[in-house]
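Peer 1: sequence and predicted structure are below.
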Amino acid sequence: MRSMTQFFSKPRGRATHGVEPVADVGIRRRSLATAAATLLALSSMVIAPAVIAKDRHNDGDWVGTWSASPEAVAAPIRINGQTVRQIVHTSLGGERVRVRLSNAYGTGALVIGSAHVAISAVGASIAPGTDRVLRFNGSPTIAVPAGALAVSDPVALDVRALGDLAVSLYLPENVAAATQHSGGLQTTYISAAGDFTGAITVEATTTQSFYFLTGVEVRASERARAIVTLGDSLTDGFGSTPDTNQRWPNLLAERLQSNPGASRLAVLNAGLNGNRVLHDLVGTNALARLDRDVLVQTGVKYVIVCEGLNDFVIPGLIGRPGEDVTAEQVIQGHRQIIDRAHALGLRIYGATSNPFVGSRFFSAAAEAKRQAVNQWIRTSRAYDAVIDFEKVIRDPSDPTRLLPAYDSGDHAHPNDIGYRAMADAINLSLFRDDDED
């Protein structure tokens, strides 16, 4: 293609004294017409896809209401022609719902024979009249390739904020459940052989892990947005009471729903037990999973990061000295997370990590690094704001320890009361609505 300077350069000819011959004028007019047509075509090439994208993907009112970050497991359970019913606790309500299924760590296609969503009742039961068949581009079945994600078609269902949904998957083939979330603290039901996705209740064995299910989204108001909480076991709620949704992200969602100015906000939990910023262990490291678990979540506008302590304590616990890192290296990891969130226009807040003196994880070296990272979070102004969890849950008489009333018993993780104190300490004005334009 010729350059634009070529289109607008004077034609070579016999012009004298500033007057062009008639033939050359005609050529010039045709050149200008050609240039105008070319410019119009070029502008169409630039504008049309954006217009089409807006028309085709006008999903601004879809937002995630629940999430669980997938992780690989060394010894996955096998599910063979069985139904898995999983209970999720919503943060935001809506009139329509769809789900995300992940085969992130599978080695072959994950075949979904049938999938349903319903309002959860007691245990493995669903509320009569609420069962909905989920389809995937019109089909009741789908084969999700290894490493891939599948999103269901939307279905009409009145989803309440802070309510429970049951998502039931029938897996007709013998599959290793290599993609799971092991720290779910929520009972999952696995049936005997057969498709029970639409059954009111299911006779089943139980686990406390999520399998293949990584997200639930609702259609809400156009102003609905999501807060994603990226972290380790402190964010995943380790030490809280199972089946009661006492993790601090759940409790933050409760506060938001009780505040008329913030009830448009969902909270998505991207915590993983044992997660680290720089190295894999339980789950992929935070830098590697950031895009999948945080940045592409539907409706995300805010991110809270609470990561880093495991980078210092785990190498000594599991005998991997080669994975020992400095405070400066973890800080650099935080800066990378901040830069990538800011590049997408997200607001990102840094949370300080928990005191852990007296726990089996403690070492003086790890404590010094933890203190250094916490001090950087508080003072560097790299994050858009700071949430000082350490200050909230530490013992004022001994700031290196958890307050006994908040201690789950392992001297590193809070109990239900401690997690509520953490949620209550978050300033809701951080999620102000001044940039929704």
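Peer 2: Sure thing, it's come through.

Peer 1: now do the domain split for the protein, please.
Peer 2: Following automatic domain parsing, the chain resolves into domains at 15-56, 67-222, 223-432.

Peer 1: how close does Ile417 sit to Gly108?
Peer 2: Using C-beta to C-beta, to the nearest Å, Ile417 is found at 45 Å from Gly108. Bear in mind the C-beta positions are built from the backbone N, C-alpha and C, glycine included.

Peer 1: so which of the two has more stuff around it?
Peer 2: Counted by other C-beta atoms under 10 Å, Ile417 and Gly108 do not tie: Ile417 has more neighbours, with 16 against 13.

Peer 1: any idea how far Ala421 is from the nearest residue to the more buried one once chain neighbours are set aside?
Peer 2: Counting by C-beta to C-beta, 6 or more residues apart in numbering, Ile417 lies nearest to Tyr406, which is 5.8 Å off, once chain neighbours are set aside. Between Tyr406 and Ala421 the computed distance is 6 Å (C-beta to C-beta).

Peer 1: okay, the two: which has more neighbours?
Peer 2: Tyr406 (22 against 19).

Peer 1: mind listing what the residue nearest to Ala382 when sequence neighbours are not counted touches?
Peer 2: Nearest residue to Ala382 in three dimensions, chain neighbours excluded: Ile338, at 5.6 Å (C-beta to C-beta, 6+ apart). Counting by C-beta atoms under 8 Å, 6 or more residues apart in numbering, Ile338 touches Ile348, Gly350, Ala382, Tyr383.

Peer 1: what about Ile338, which SS state?
Peer 2: Per DSSP: H, G, I helix; E, B strand; the rest coil, the secondary structure class of Ile338 is helix.

Peer 1: one step back: among the contacts of Ile338, which lie within strands?
Peer 2: Among these, the members found in strands (DSSP state E) are Ile348, Gly350.

Peer 1: so which of the contacts of Ile338 wins on neighbours?
Peer 2: In the contacts of Ile338, the most neighbours by other C-beta under 10 Å go to Gly350, 26 neighbours.

Peer 1: and that one, what's its pLDDT?
Peer 2: Confidence at Gly350, expressed as pLDDT, is 98.

Peer 1: what residues are bridge-paired with it?
Peer 2: In this entry, Gly350 is beta-bridged to Val305, Val386, by DSSP bridges.

Peer 1: would you map the helices across this structure?
Peer 2: 4-8, 22-56, 233-236, 248-257, 286-290, 309-318, 327-343, 364-379, 389-393, 416-424 (DSSP state H).

Peer 1: any idea of the mean pLDDT for the third one?
Peer 2: Model confidence over helix 233-236 averages 97 on the pLDDT scale.

Peer 1: report all helices and strands that that helix contacts.
Peer 2: Contact here means 3 or more C-beta pairs under 8 Å, 6 or more residues apart in numbering; DSSP states H and E; on that basis helix 233-236 packs against helix 248-257, strand 265-271.

Peer 1: same thing but at 7 Å, please
Peer 2: Secondary-structure packing of helix 233-236 (3 or more C-beta pairs under 7 Å, 6 or more residues apart in numbering; DSSP states H and E): strand 265-271.

Peer 1: now the strand it packs on: buried residues?
Peer 2: Leu265, Ala266, Val267, Leu268, Asn269, Ala270, Gly271 (16 or more other C-beta atoms under 10 Å).

Peer 1: skipping adjacent residues, who's closest to the second one in space?
Peer 2: It refers to Ala266. Of all residues beyond its chain neighbours, the one nearest Ala266 is Leu92 (3.8 Å), with distances taken as C-beta to C-beta, 6+ apart.

Peer 1: swap in the first one?
Peer 2: When the adjacent residues along the chain are set aside, Leu265 lies closest to Leu256, with 4.8 Å between them (C-beta to C-beta, 6+ apart).

Peer 1: and that neighbour, how many neighbours?
Peer 2: If you count neighbours by other C-beta under 10 Å, Leu256 ends up with 24.

Peer 1: distance-wise, check it relative to Thr65.
Peer 2: 12 Å.

Peer 1: low-confidence bits of the chain, can you list those?
Peer 2: 1-60, 433-437 (pLDDT under 70).

Peer 1: try it again at 50.
Peer 2: 1-60, 436-437 (pLDDT under 50).

Peer 1: TSV for the contacts of Ile338, including distance to Glu328?
Peer 2: Output for these, formatted as TSV (distance: C-beta to C-beta, whole Å):
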residue	distance to Glu328
Ile348	20
Gly350	16
Ala382	13
Tyr383	17
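
Peer 1: buried sites along stretch 356-364?
Peer 2: Phe356, Val357, Ser359, Phe361, Phe362.

Peer 1: gap between the residue nearest to the last one when sequence neighbours are not counted and His413?
Peer 2: Spatially, and ignoring its direct neighbours in sequence, Phe362 is nearest to Phe356 (5.5 Å; C-beta to C-beta, 6+ apart). Taking C-beta to C-beta as the measure, Phe356 falls 9 Å from His413.
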